[in-house]
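Student: how would this look folded up:
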Amino acid sequence: NVSFYNQTGDTPIFPTPVVGVLGVIDDVARRIPAGWQDEGENIYLLGVTREELDGSAWAGTVHGHLGGRPPAVDLAAERTLAETLHAASQQGLISSAHDLADGGLAQTLAESVMRFGVGARVWLGELQERDGVDAATALFSESTARVIVSVPREDDVKFRGLCEGRGVPLLRIGVTDAEVGAQPVLEVQDLFTIGVEELRGVHRSTLPEHFGPTVA
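Tutor: Numbering: from 1, shown residues only. Predicted coordinates:
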């Protein structure tokens, strides 16, 4: 990690190992955005969710604690996932893809609905049952080798076959498009519903709240 300063005042920064990766997109028309643009698509979670909350955004925000054992890294699973996503992109089977990193599934869903303003209805029951986790872990775990994608319904069977043939765990966790009073929302069934514009307001207000409004 390249930094001119490695501390704030007398407090050193946390250890920050960073791997930078640069790739070339052969055909920019095949690029996959990080958020869905169309209604009525299926949302899939690729990968397995484990009870890995140590050092997570959830632990830091809720408990003010970043210690513990970080999520396990499985390089073979990461490679298989990347190859599967590349194949899905080449075959035009997915319309969006977003990794699960800081903040876990909850943060990824929020960013995905904010990208183009298309809401989503999500359910966690099958995920909790399959992976043996509770709702909080399902939403905030930062387990690695996981991605959510949106898949047009006409490509659903082909996409499922691609993942199953390559041994990538996948689970349908929702659909794009959810509205309350004609306003797009992110709905996680039995847990919460929040408007996309409310999410955007919180997302955009952080820096102005700390540093004041931008001066033109």
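Student: list the contacts of the residue most central in space within the chain.
Tutor: The residue lying closest to the centre of the chain (CA atoms, centre = their mean) is Thr108, at 2.8 Å. By CB atoms under 8 Å, 6 or more residues apart in numbering, the contact set of Thr108 is 98-101, 148. Placement of C-beta: from N, CA and C, glycine included.
Student: before we move on, what about Asp190?
Tutor: Trp123.
Student: which SS class is it?
Tutor: What DSSP: H, G, I helix; E, B strand; the rest coil gives for Asp190 is coil.
Student: low-confidence ranges, this structure, go.
Tutor: Scanning the chain for pLDDT under 70 picks out the ranges 1-5, 15, 214-216.
Student: can we see that at 50?
Tutor: Residues of the chain meeting the criterion pLDDT under 50: 215-216.
Student: number of nearby residues for the residue nearest to Ala135 when sequence neighbours are not counted?
Tutor: If the residues on either side of it in the chain are set aside, Ala135 comes closest to Leu124, at 5.8 Å by CB to CB, 6 or more residues apart in numbering. As a burial measure, Leu124 scores 23 neighbours (other CB atoms under 10 Å).
Student: now do Pro169
Tutor: Count around Pro169 with other CB under 10 Å applied: 17.
Student: ok, now which ones touch it?
Tutor: Neighbour list for Pro169: 46-48, 163 [criterion: CB under 8 Å, 6+ apart].
Student: what's the distance between it and Val28?
Tutor: 30 Å (CB to CB, to the nearest Å).
Student: quick one: end-to-end length of stretch 129-142, please.
Tutor: Its start and end residues considered, stretch 129-142 measures 18 Å (CA to CA, to the nearest Å).
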